[in-house]
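Peer 1: Take a look and give me a structure for this.
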Amino acid sequence: MSDETTKQHLEHIAGAMKTIDFVMLNTHTANGQIGARPMSNNRQVDFDGDSYYFTWEDCRMVEDIKTNSKVGLSLQGAPSSDGAPGIFISVEGEAKIIRDKAEFKEHWTDELSRWFKDGIDTQGMVMLHVKATRAAYWDGNDEGDFDIQK
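Peer 2: Numbering: from 1, shown residues only. As a prediction, the model looks like this:
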């Protein structure tokens, strides 16, 4: 697949991701199962293969990522008014745990205060940086399945 085609696919799913409020983040658990959790997408998406999610340092998801950083993201967009089914997006990637408040500030949105009362100063909060390696989508008309290389 050409770089231009990959760029077009990324632009298509980035536009769709801005309309999707929650993503399911999937990890590999210690006993080999798959764990899935809803995470706020914050609609702060200029998706180029990187996405960011805030969570708690002491949660099982972070423990899973410490053991195996390979994660999956699943998103589903609402059906359109013309009857199209909406978009389905799957992303595979590597997660990194971020503890730097300066990086928190870059990705913070006020809506996150619902869960993190003290903003970027919330004790025990971390940010997950997911760097995509592969993505796929289907929107009822088009589909794509492609590697993401940066």
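
Peer 1: going forward, measure contacts and count neighbours with C-alpha atoms only.
Peer 2: Noted.

Peer 1: which element is the residue nearest the centre of the chain on?
Peer 2: Centroid-nearest residue in the chain, with C-alpha atoms, centre = their mean: Ser51, separated by 4.9 Å. For Ser51, the host element (DSSP states H and E) is strand 50-56.

Peer 1: what's next to the helix or strand following that strand, contact-wise?
Peer 2: The first helix or strand that comes after strand 50-56 along the chain, using DSSP H and E, is helix 60-67. Residues from elsewhere that reach helix 60-67 (C-alpha atoms under 8 Å, 6 or more residues apart in numbering): Thr27, His28, Thr29, Ala30, Gly35, Trp56, Val71, Ala95, Lys96, Ile97.

Peer 1: and the helix ranked longest in the chain, which residues are buried?
Peer 2: Ranked by residue count under DSSP state H, the longest helix found in the chain is helix 3-17. Residues Thr6, His9, Leu10, Ile13, Ala14, Ala16, Met17 are the ones in helix 3-17 that count as buried (16 or more other C-alpha atoms under 10 Å).

Peer 1: what do you get for stretch 112-126?
Peer 2: Using 16+ other C-alpha under 10 Å as the test for burial, stretch 112-126 gives Leu112, Phe116, Gly119, Ile120, Met125, Val126.

Peer 1: mind checking how far stretch 67-85 is from the chain centre?
Peer 2: Chain-centre distance of stretch 67-85: 10 Å, with C-alpha atoms, centre = their mean, to the nearest Å.

Peer 1: what's the neighbour count on Pro79?
Peer 2: By other C-alpha atoms under 10 Å, the residues close to Pro79 number 13.

Peer 1: I'd like to check which residues are in contact with the closest residue to it other than its chain neighbours.
Peer 2: If the residues on either side of it in the chain are set aside, Pro79 comes closest to Gly86, at 4.0 Å by C-alpha to C-alpha, 6 or more residues apart in numbering. By C-alpha under 8 Å, 6+ apart, the residues touching Gly86 are Gln76, Gly77, Ala78, Pro79, Ser80, Asp139, Gly140.

Peer 1: By neighbour count, which of those wins?
Peer 2: Gln76 leads those on contacts (other C-alpha under 10 Å) with 22 neighbours.
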